[in-house]
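S.K.: Quick one: sequence plus predicted model below, questions after.
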Amino acid sequence: MDYSAARGLPGWRPRDPLFPLWWLAALRGLRRGELAGLRWVDLSLETAELAVVQQLVHVGGELVPFPPKSAAGRRTVALDPQTVRLLRRHERDRRAEKACRGEAWDDTAHVFTRRGGSPVAPDYLTYRFHRLVERSGLPPVRLHDLRHGAVTMALAAHVDLPVLQGQVGHASIVLTADTYTSVLPELHHRAARATARLVLSAARRTARKVRRGRCGWMTQV
């Protein structure tokens, strides 16, 4: 599962048709049910945004749409240019597949589908990702770990906690802070350096004022 070529090579195409789904999970931190439930009507490539308004859940052997996990889960997620390019290509590929299959295509209007157009089940995504990891020879990584990785990378990129909370749909910013800042030592080192800079800057200003005061006293004498 080496997708290093995705760094902008114009002619590159992923062999896995679900690659844009893994990409969204890894960069934007969507849950597997949210990815399975994403429809084209929820996606605006013109404004580079997607709306999380539903998730797919297995109920009685059938896939049923449900609201997001919480009220905060209903959200708008911003997309970067590379993600937009991947989704545009994915859209073209799905249209070509639909035209090829004709009436055999199950037009559910979902962004990510099985062969034939039926929506993907969250459990299938977990199974599929597990198989890809096994084939790649990578250490064991769960699909949900991509969500954790997306949050951690955003924190490392200095994304503010309230923005990050909205991106991943946490009901409380405390959950975002408690769950993730403790696993990224760099954040604590950055906070220590920022605090030291603030203290040293204030000390320098104080020292300059003291020196100016002394010089003024000497001039008066």
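M.R.: Okay, I see it.

S.K.: Any regions of this structure where pLDDT drops low?
M.R.: Along the chain, segments meeting pLDDT under 70 span 1-14, 103-108, 175, 178-191, 210, 213-221.

S.K.: what kind of secondary structure is residue 57 in?
M.R.: Secondary structure assignment for residue 57 (DSSP: H, G, I helix; E, B strand; the rest coil): strand.

S.K.: measure it to residue 39 for me?
M.R.: Distance, residue 57 to residue 39, by C-beta to C-beta, to the nearest Å: 15 Å. Glycine gets a C-beta too; all of them are placed from N, C-alpha and C.

S.K.: again, but for residue 158
M.R.: Counting by C-beta to C-beta, the gap from residue 158 to residue 39 is 33 Å.

S.K.: next one: residue 127
M.R.: Computed as C-beta to C-beta, the residue 127 to residue 39 distance reads 23 Å.

S.K.: Look at these two and report which has more neighbours.
M.R.: Neighbours per residue, other C-beta atoms under 10 Å: of residue 127 and residue 39, the larger number sits with residue 39, 17 against 12.

S.K.: The residue nearest to the more buried one when sequence neighbours are not counted: what's it in contact with?
M.R.: In this structure, residue 39 finds its nearest non-sequential neighbour in residue 109, 5.1 Å apart by C-beta to C-beta, 6 or more residues apart in numbering. When contacts are counted by C-beta atoms under 8 Å, 6 or more residues apart in numbering, residue 109 touches 39, 40, 41.

S.K.: Looking at those, spot the one nearest residue 146.
M.R.: residue 39 (21.0 Å; C-beta to C-beta).

S.K.: what's that closest one sitting at in phi/psi?
M.R.: As for residue 39, its main-chain torsions (degrees, to the nearest 10) stand at phi -110, psi 160.

S.K.: State the distance from it to residue 201.
M.R.: 51 Å.

S.K.: Repeat that for residue 84.
M.R.: From residue 84 to residue 201 the distance is 41 Å (C-beta to C-beta).

S.K.: The two: which is more packed in?
M.R.: Neighbour count, other C-beta under 10 Å: between residue 84 and residue 201, residue 84 has more, with 17 against 10.

S.K.: Could you verify my assumption that that one touches residue 45?
M.R.: Yes - here residue 84 reaches residue 45: they are 5.3 Å apart, a contact under C-beta atoms under 8 Å.

S.K.: what separates the spatially most central residue of the chain from residue 48, distance-wise?
M.R.: The structure's the chain has its C-alpha centroid closest to residue 28; by C-alpha atoms, centre = their mean the separation is 1.2 Å. Remark: distance between residue 28 and residue 48 (C-beta to C-beta) = 12 Å.
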